[in-house]
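> Quick one, what's the 3D model for this:
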Amino acid sequence: MKILLDAHVHTNSSPDSSLTPGQLLERLRVKGINAVAITDHDTLDGYRRVLDTKGFDEILVIPGIEVSTDLGDIIVLGTTETIVSRDAFEVLDSARAAGGIIVAPHPFDWKRTSLGEKSAMLGVDLIEGVNGKCSRAENQQAKEFAKAIGVPVVGGSDAHDKAQVGAVVNFVDCEKDLDSLLAALRKGAKAIVRLGGKA
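Numbering: from 1, shown residues only. Here you go, the predicted model:
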């Protein structure tokens, strides 16, 4: 089955986002997106609120969290375990013990707390090679770095409001269930497309 995934979305459970679960659902339907990862800052509340919102039964919702660590932001996908540590190595240990996928978001955007080349030392599973808020140069650097260290890439809109949802999507061939999608993501998306053209 063809899955169209936005792998980096913040609801208004993140203090810097205005996106409500209802607005998210509306935008996903308009864009034809059938899978989304909820990656709020340091909380799983947004993921839980989305699951409690009527209408999401037709969308595959991936639990996620963007953790603020001492080395930079880390996204953990696929686990509903609360992560309270801010020590990057402890976050990775907790994520792996829970079967989560570790993503380095916006790795070369220095306007934010990003991992950069520390991604290699940490042994992340995926590099966010296309982030909807990063410049073309920052995304290109992320893709080149991922290739150099042999890590697959993933893309995400990094949406914080309704208009940004679906700015970057991943095309993935797999069954429409969480385990299948996570397994496919570990190998990398089939294609990543940035709104308005190829990433």
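
> tell me which residues in the regular element (helix or strand) spanning I65 are buried?
In the assignment (DSSP states H and E), I65 maps to strand 60-69. Residues L60, V61, I62, P63, G64, I65, E66, V67, T69 are the ones in strand 60-69 that count as buried (16 or more other CB atoms under 10 Å). For every residue, glycine as well, the C-beta is placed using N, CA and C.

> which of the residues in stretch 172-180 are buried?
With the criterion 16+ other CB under 10 Å, stretch 172-180 contains buried residues V172, C174, S180.

> Closest one to G78 out of these, please.
S180 (11.5 Å; CB to CB).

> Please list all residues in contact with the closest one.
S180 is in contact with C174, counting by CB atoms under 8 Å, 6 or more residues apart in numbering.

> Quick one: the buried residues of stretch 172-180 as JSON lines, columns for secondary structure and pLDDT too.
Below are those laid out as JSON lines (DSSP: H, G, I helix; E, B strand; the rest coil; pLDDT from 0 to 100):
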{"residue": "V172", "secondary structure": "strand", "pLDDT": "97"}
{"residue": "C174", "secondary structure": "coil", "pLDDT": "96"}
{"residue": "S180", "secondary structure": "helix", "pLDDT": "97"}
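
> could those residues go into a markdown table alongside distance to N12?
Below are the buried residues of stretch 172-180 laid out as a markdown table (distance: CB to CB, whole Å):
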| residue | distance to N12 |
| --- | --- |
| V172 | 27 |
| C174 | 30 |
| S180 | 29 |
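
> Run through the residues that contact R186.
Taking CB under 8 Å, 6+ apart as the test, what R186 contacts is I101, D125, L126, P152.

> which ones among these are found in strands?
Members of the contacts of R186 lying in strands (criterion: DSSP state E): I101, L126.

> Spell out the residue ranges of the helices in the chain.
Under the criterion DSSP state H, helices of the chain are mapped to 21-31, 45-51, 88-97, 118-122, 136-149, 178-187.

> Mind listing what's buried along the fourth one?
Burial within helix 118-122, assessed by neighbour count using 16+ other CB under 10 Å, is assigned to S119, A120, L122.

> Check what pLDDT the second one gets.
What the model reports for A120 is a pLDDT of 98.

> Identify the residue nearest it in space, chain neighbours excluded?
Closest residue to A120 apart from its sequence neighbours, by CB to CB, 6 or more residues apart in numbering: I149 at 4.7 Å.
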